[in-house]
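Student: fold the following and give me the result.
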Amino acid sequence: MALRGAAVAGACIGGQRTNPSILSFSQIFRLRFHHSPSHPLERFTSRLNYKAGFNYQIRAIQEATADTIKSQKEKEDDEQQSRQNWQIKMLYDGDCPLCMREVDMLRERNKQYGTIKFVDISSDDYSPQDNQGLDYKTVMGRIHAILSDGTVVTDVEAFRKLYEQVGLGWVYAITKYEPIATIADSIYGVWAKYRLQITGRPPLEQVLEARRKKKADVCNDKTTCKM
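Tutor: Now for the predicted structure:
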């Protein structure tokens with residue numbers, strides 16, 4: 001051990017190259033963690049790996065953006081198709097959370113058929129004139145749908161007509177016949193009457209008053225702000 005220590009000391013004093021087997025911890029640390037590629041091929045490979053990783057990130061961002069744009073365009077195309085080829089209009093309350101579950105299901109199914117036009121009566125743009133004169137208060141009372149020939153259908157019949165348009169007619173098929181039709185309408189009538197309370201919303205009178213105030217704030221022309 002003494003001889004080996006002397007040899008190491010002599011090598012350090014004389015400026016000679018130290019044997020790798022007896023490198024100090026600090027030397028090993030510098031070699032291991034501060035090593036940079038010195039060979040041209042190694043540097044070239046490092047650049048390629050860095051560039052490949054960077055390009056992959058850019059490509060991932062571009063693909064995600066393209067998917068978002070494509071999804072939005074497909075939705076617009078579906079809505080455009082429904083507006084052009086609709087066989088029935090569904091007047092729905094966009095502020096009703098339970099109602100929207102069914103609307104969303106029908107809208108998804110309608111992508112294949114394009115026969116239902118969805119009209120949100122809670123929208124500020126809702127126009128009774130464009131929907132057989134059905135005002136907001138009337139449509140809030142129960143489900144309404146309008147056939148392409150102008151016929152207005154309500155209650156369970158409206159659901160049956162809507163479901164038929166997206167290949168689900170069998171769901172309400174039995175409601176065509178008595179006494180099932182009367183029973184189904186009675187059950188739906190109870191739901192329609194207490195719908196706002198069940199979904200945690202204020203009574204219809206308060207909803208109407210809030211809508212009037214909102215209309216008054218954004219519109220000065222009474223002829224275009226009819227309820």
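Student: only C-alpha atoms from now on, for both contacts and neighbour counts.
Tutor: Fine.
Student: quick one: the helices in the chain, in order.
Tutor: Along the chain, the segments classed as helices by DSSP state H run 2-14, 25-33, 40-85, 97-113, 136-141, 155-165, 180-198, 204-218.
Student: quick one: contacts of the shortest one?
Tutor: Helix 136-141 is touched from outside by 91, 93, 121-122, 128, 192-193, 208, 227, with contacts defined as C-alpha atoms under 8 Å, 6 or more residues apart in numbering.
Student: separation between Val171 and Val156?
Tutor: The gap separating Val171 from Val156 is 11 Å, by C-alpha to C-alpha, to the nearest Å.
Student: more crowded one of those two?
Tutor: When Val171 and Val156 are compared for neighbours, Val156 comes out ahead with 23 against 12, by other C-alpha atoms under 10 Å.
Student: read off the pLDDT value for the nearest residue to the more buried one once chain neighbours are set aside.
Tutor: Excluding the flanking residues, the one nearest Val156 by C-alpha to C-alpha, 6 or more residues apart in numbering is Asp185, at 5.8 Å. You'll see Asp185 listed with a pLDDT of 96.
Student: now do Lys73
Tutor: Reported pLDDT for Lys73: 57.
Student: my guess is the residue nearest to Val156 meets Ala158, correct?
Tutor: No: assessed by C-alpha atoms under 8 Å, Asp185 is found out of contact with Ala158, at 10.7 Å.
Student: more crowded one of those two?
Tutor: Ala158 (21 against 16).
Student: any idea how far the closest residue to that one other than its chain neighbours is from Tyr163?
Tutor: Nearest residue to Ala158, sequence neighbours excluded (C-alpha to C-alpha, 6+ apart): Ala145, at 5.6 Å. With distances taken as C-alpha to C-alpha, Ala145 is found 12 Å from Tyr163.
Student: who has more neighbours, these two?
Tutor: Shown here are Ala145 and Tyr163; by other C-alpha under 10 Å, Ala145 has more neighbours (27 against 20).
Student: tell me who's in contact with the residue nearest to Ala158.
Tutor: 88-91, 152-154, 158.
Student: mind putting the residues you listed in TSV, distance to Thr175 and pLDDT included?
Tutor: Shown next, in TSV, are the contacts of Ala145 (distance: C-alpha to C-alpha, whole Å; pLDDT from 0 to 100):
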residue	distance to Thr175	pLDDT
Ile88	19	97
Lys89	20	97
Met90	19	98
Leu91	21	98
Val152	18	98
Val153	14	97
Thr154	13	97
Ala158	11	97
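Student: the residues you listed in strands, which ones?
Tutor: 88-91, 152-154 (DSSP state E).
Student: where does the prediction get shaky in the chain?
Tutor: The chain contains residues with pLDDT under 70 at 1-84, 217-227.
Student: same thing but at 80, please
Tutor: 1-84, 215-227 (pLDDT under 80).
Student: got the buried residues for stretch 99-107?
Tutor: 103, 106-107 (16 or more other C-alpha atoms under 10 Å).
Student: what does that stretch rub up against?
Tutor: Contacts of stretch 99-107 (C-alpha under 8 Å, 6+ apart): 92-94, 116, 118, 163, 166.
Student: again, 7 Å this time
Tutor: Stretch 99-107 is contacted from outside by Gly94, using C-alpha atoms under 7 Å, 6 or more residues apart in numbering.
Student: follow-up on the earlier one: just the closest of the ones in strands among the contacts of Ala145 to Ala216, please.
Tutor: Ala216 has its nearest neighbour among those in Leu91, at 23.4 Å by C-alpha to C-alpha.
Student: which residues touch the nearest residue to the closest one once chain neighbours are set aside?
Tutor: With C-alpha to C-alpha, 6+ apart as the criterion, Leu91 has its nearest non-adjacent residue at 4.9 Å, and that residue is Val119. Residues near Val119 by C-alpha under 7 Å, 6+ apart: 89-92.
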